[in-house]
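In: Here you go, sequence then predicted model.
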Amino acid sequence: MSSIIRPDGAQTTRRWIVLASAIFAIVVSYGQMALGWGQTPQEFSADSDETLRVAGYAFSIWGLIYLGLIIYAVRQALPQTGESLLINRLGWPSAAALLGIGWWIVASAFDWEWATVGLIFGSLIVLLIPLMLNAGAIRALGRTERDRWLVVWPLAALAGWLMVASPVNLLTILTGNDALPASPSPTVWAILAVVVVALIALIVTARLRMLAFALPVTWGLLGAFVAEQERNAPLAYVALAAAVAVLVGAVILTFRLRPGIERSAD
């Protein structure tokens with residue numbers, strides 16, 4: 001249950017840094033598109049995407065992710081919001097991830113290729129590790145508790161989308177620099193990436209017992225299916241099968257397992 005303890009000075013400072021980081025990430029993203037400096041994220045992602053591609057429409061998920069993140073950050077800045085366990089433990093990791101995705105926009109705009117790889121994987125890891133470490137506390141949240149919907153869901157959804165975007169980013173850079181190993185084939189590398197993403201999504205969902213991480217992964221895998229249908233049918237149908245497996249598996253893991261069993265694991 002969320003604590004009603006009011007934040008102290010250091011915790012309040014952290015909350016304002018989280019809010020500033022969220023504003024930075026969103027302003028940089030939409031500011032880049034509005035002002036047109038450098039290449040857009042879509043243009044960056046489309047360059048050398050011969051190995052694994054995600055349909056352009058799939059990136060519209062950023063609108064929902066940004067909405068959730070700004071709600072998460074603004075809520076923390078409100079004086080009536082108590083310092084709960086999850087707000088405390090996920091605060092600094094979320095600030096780091098928000099700064100990471102903001103700087104990724106800058107790096108992609110100026111085609112700083114390897115910087116984008118470090119930033120996107122770093123943002124994923126800095127969120128995913130604390131989410132997994134705090135899985136017990138997350139599973140213990142009631143269905144109507146605010147921290148479930150206003151802390152865990154926005155952050156897990158961001159991590160879920162980064163789970164798809166990170167290997168796509170890496171394969172794009174490796175392909176563009178002729179650094180992808182010749183054996184096995186690019187299709188095999190892409191299929192391996194899809195399978196690993198799907199497996200991690202199911203593992204994370206098994207720990208968290210909520211759909212927040214799995215839904216963006218499913219969306220991204222469906223985007224890969226749409227994008228690869230004409231160019232690489234085997235890869236496309238592997239992506240489709242992975243998307244279905246993640247969605248069905250996540251629903252079963254979230255709703256069919258008896259409460260209490262998973263909580264005893266921590």
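Out: Yes, it's here.
In: Stretch 234-247: which residues count as buried?
Out: 235-236, 238-240, 242-243, 245-247 (16 or more other CB atoms under 10 Å). In this view, the C-beta of every residue, glycine as well, is placed from N, C-alpha and C.
In: Check the model's average confidence along the host helix or strand of Arg14 for me.
Out: If you go by DSSP states H and E, Arg14 is part of helix 9-35. If you average the pLDDT over helix 9-35, you get 95.
In: I'd like the next helix or strand past that helix.
Out: That would be, after helix 9-35 and using DSSP H and E, helix 41-46.
In: ok so, going back, would you turn the buried residues of stretch 234-247 into JSON lines with secondary structure, pLDDT and distance to Ala140?
Out: Output for those, formatted as JSON lines (DSSP: H, G, I helix; E, B strand; the rest coil; pLDDT from 0 to 100; distance: CB to CB, whole Å):
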{"residue": "Leu235", "secondary structure": "helix", "pLDDT": "98", "distance to Ala140": "40"}
{"residue": "Ala236", "secondary structure": "helix", "pLDDT": "98", "distance to Ala140": "40"}
{"residue": "Val238", "secondary structure": "helix", "pLDDT": "98", "distance to Ala140": "36"}
{"residue": "Ala239", "secondary structure": "helix", "pLDDT": "98", "distance to Ala140": "34"}
{"residue": "Leu240", "secondary structure": "helix", "pLDDT": "98", "distance to Ala140": "35"}
{"residue": "Ala242", "secondary structure": "helix", "pLDDT": "98", "distance to Ala140": "30"}
{"residue": "Ala243", "secondary structure": "helix", "pLDDT": "98", "distance to Ala140": "29"}
{"residue": "Ala245", "secondary structure": "helix", "pLDDT": "98", "distance to Ala140": "27"}
{"residue": "Val246", "secondary structure": "helix", "pLDDT": "98", "distance to Ala140": "24"}
{"residue": "Leu247", "secondary structure": "helix", "pLDDT": "98", "distance to Ala140": "25"}
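In: shaky segments in the stretch 1-150 of the chain?
Out: Along the stretch 1-150 of the chain, the parts satisfying pLDDT under 70 run over 1-4.
In: and with 50 instead?
Out: Where the stretch 1-150 of the chain drops to pLDDT under 50, the residues are 1-3.
In: Would you check that Ile138 makes contact with Trp149?
Out: No: look at Ile138 against Trp149 with CB atoms under 8 Å: they stay out of range, at 11.9 Å.
In: Neighbour count for the two, which is higher?
Out: Ile138 (24 against 17; other CB atoms under 10 Å).
In: For the residue positioned nearest the centre of the chain, which non-adjacent residue is spatially closest?
Out: When CA atoms, centre = their mean is applied to the chain, the residue found nearest the centroid is Ala159 (2.3 Å). What sits nearest to Ala159 in space, not counting adjacent residues and going by CB to CB, 6 or more residues apart in numbering, is Leu127, at 4.3 Å.
In: where along the chain do the helices fall?
Out: Remark: helices assigned in the chain by DSSP state H are 9-35, 41-46, 61-77, 85-109, 113-133, 135-139, 146-147, 153-176, 186-208, 214-228, 233-255.
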